[in-house]
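>>> Give me a 3D structure for the following:
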Amino acid sequence: MSFPQPKPEVPQLPQHLIRTIDCQQGAVRALLVTNYLLSCGADKSLKLWSVSRGLLLKTYSGHGYEVLDSDGSYDNSQLCSCSSDKTVILWDVATGQVTWKLRGHAGKVICVQFNEEATVILSGSIDGIVRCWDTRSREFDPIQILDEAQDGVSSLKVSEHELLTGSVDGRVRRYDLRMGQLHVDFINSQPHHVCVCADAQCTLTSSLDSTVRLLDKSTGEMLGEYTGHKMKGYKLDCCLSSKDTHVLSCSEDGHVYCWDLVEGSLTLKLPVGKAVVQSLSFHPSETCLLTAMEGRVQVWGTADVLALSIMFYFLYSL
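Predicted coordinates for the structure are as follows:
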């Protein structure tokens, strides 16, 4: 006699507020989740926080205007950041010192990321150009310039030997850096944020027509559309959950929207507050979500994590 296979467990979603961190940076522009939180502020600073304790660990000051994006190296020893002051900065995490300051973009630098080995920094600007900087030689001239975009580059994502960019000209460009090839997909709106699935087979883009699109990376075929949120005038983030089961997006109505990746149905409408949810980031391996609104960062987890957090709070307060 055979028994039916048990149904797979439905993945839990982070919908319980664990803590709120007041960053005191004005508007928080971007978030980075590893074991730590890196907040980029309108006050020209970056701040490094302990997510589990909500404590400020380090402040990085050196930009001349608001910080728009940042990234951390694989070994957590370096940070890179970009700003409306048209510069890219490389930081030493431990000392908080500026180790390399790069100029060359003609407009504000909107997005920045290390490659996997942190040997190259890639920066995208409103000037429509992606510049690649060699962190080993520390030369002040880029080792490569990608100028195919006809308008500002709003987002970029490095995945192994490929670079994915979204630009205001309505195109998502995929550069195969190993083969020297360029693939272009046209989106019928301005793609303001791009990311790659964990299996590197699909790309996710959020656009100003209040739509998040899932595309087959190799063919450009539309695999899914996710709607219901509001994104008309702000550059807002989208992302995938840690196991690629759900699509999440910020919204101008104060919520985070979460859809089932395959079915496309709305699974969760998370109420964050009464203002624009400016940024979000999902932990790469745990069920933990960070959102940013009005200079504060909210840490969301599951019911189990909430129970543990309450228990530790009472233990430490005794």
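>>> surely E117 meets D134?
No. E117 lies out of contact with D134 (C-beta atoms under 8 Å); the separation is 11.6 Å. For glycine as for every other residue, the C-beta is placed from the backbone atoms N, C-alpha and C.
>>> Of these two, which one has the most company?
Legend: neighbour count by other C-beta atoms under 10 Å for E117 and D134, higher for D134 (14 against 11).
>>> is it true that that one touches Q144?
No. Using C-beta under 8 Å, D134 is not in contact with Q144, being 9.3 Å away.
>>> Nearest the middle, which residue of the protein would you pick?
Centroid check for the chain by C-alpha atoms, centre = their mean gives S281 as the closest residue, at 5.8 Å.
>>> so how far is the strand or helix carrying that one off the chain centroid?
Taking DSSP states H and E as the criterion, S281 maps to strand 279-282. Chain-centre distance of strand 279-282: 6 Å, with C-alpha atoms, centre = their mean, to the nearest Å.
>>> for the record, mean pLDDT for that strand?
Computed over strand 279-282, the mean pLDDT rounds to 93.
>>> which residues of the stretch 1-150 of the chain score low on pLDDT?
Applying pLDDT under 70 to the stretch 1-150 of the chain flags the ranges 1-11.
>>> where do the strands sit along it?
For the stretch 1-150 of the chain, the strands defined by DSSP state E, counting those that start in this stretch occupy 16-22, 28-33, 36-41, 45-50, 55-61, 67-72, 78-83, 87-92, 98-103, 109-114, 120-125, 130-134, 144-146.
>>> can I get these in CSV with distance to L236?
Below are the strands of the stretch 1-150 of the chain laid out as CSV (distance: least, C-beta to C-beta, whole Å):
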stretch, distance to L236
strand 16-22, 20
strand 28-33, 11
strand 36-41, 15
strand 45-50, 20
strand 55-61, 24
strand 67-72, 13
strand 78-83, 18
strand 87-92, 23
strand 98-103, 27
strand 109-114, 13
strand 120-125, 17
strand 130-134, 21
strand 144-146, 24
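>>> Please identify the one among these that comes closest to S155.
Comparison of the strands of the stretch 1-150 of the chain against S155 by C-beta to C-beta identifies strand 109-114 as nearest, at 5.3 Å.
>>> Check what contacts the closest one and list those residues.
68-74, 78, 80-84, 86-88, 120-126, 135, 152-158, 235 (C-beta atoms under 8 Å, 6 or more residues apart in numbering).
>>> Tell me the buried residues in it?
Residues of strand 109-114 classed as buried: V109, I110, C111, V112, Q113, F114 (neighbour count, 16 or more other C-beta atoms under 10 Å).
>>> Quick check: end-to-end length of stretch 140-158?
End-to-end distance of stretch 140-158 (C-alpha to C-alpha, to the nearest Å): 21 Å.
>>> Just give the nearest non-adjacent residue to S207, would you?
Closest residue in space to S207, ignoring its immediate chain neighbours: S189 at 3.8 Å, by C-beta to C-beta, 6 or more residues apart in numbering.
>>> Over to V297?
Leaving aside its chain neighbours, V297 sits nearest to I21 (4.4 Å; criterion: C-beta to C-beta, 6+ apart).
>>> Ok, A106 next?
The nearest residue in space to A106 (C-beta to C-beta, 6+ apart) is D127, at 4.1 Å.
>>> Phi, psi for that neighbour please.
In terms of degrees, to the nearest 10, the main-chain angles of D127 are phi -80, psi 0.
>>> That one contacts I145, correct?
No. D127 lies out of contact with I145 (C-beta under 8 Å); the separation is 10.8 Å.
>>> neighbour count winner among these two?
The neighbour comparison of D127 against I145 (other C-beta under 10 Å) goes to D127, with 20 against 11.
>>> list the contacts for the more buried one?
Counting by C-beta under 8 Å, 6+ apart, D127 makes contact with H105, A106, G107, G152.
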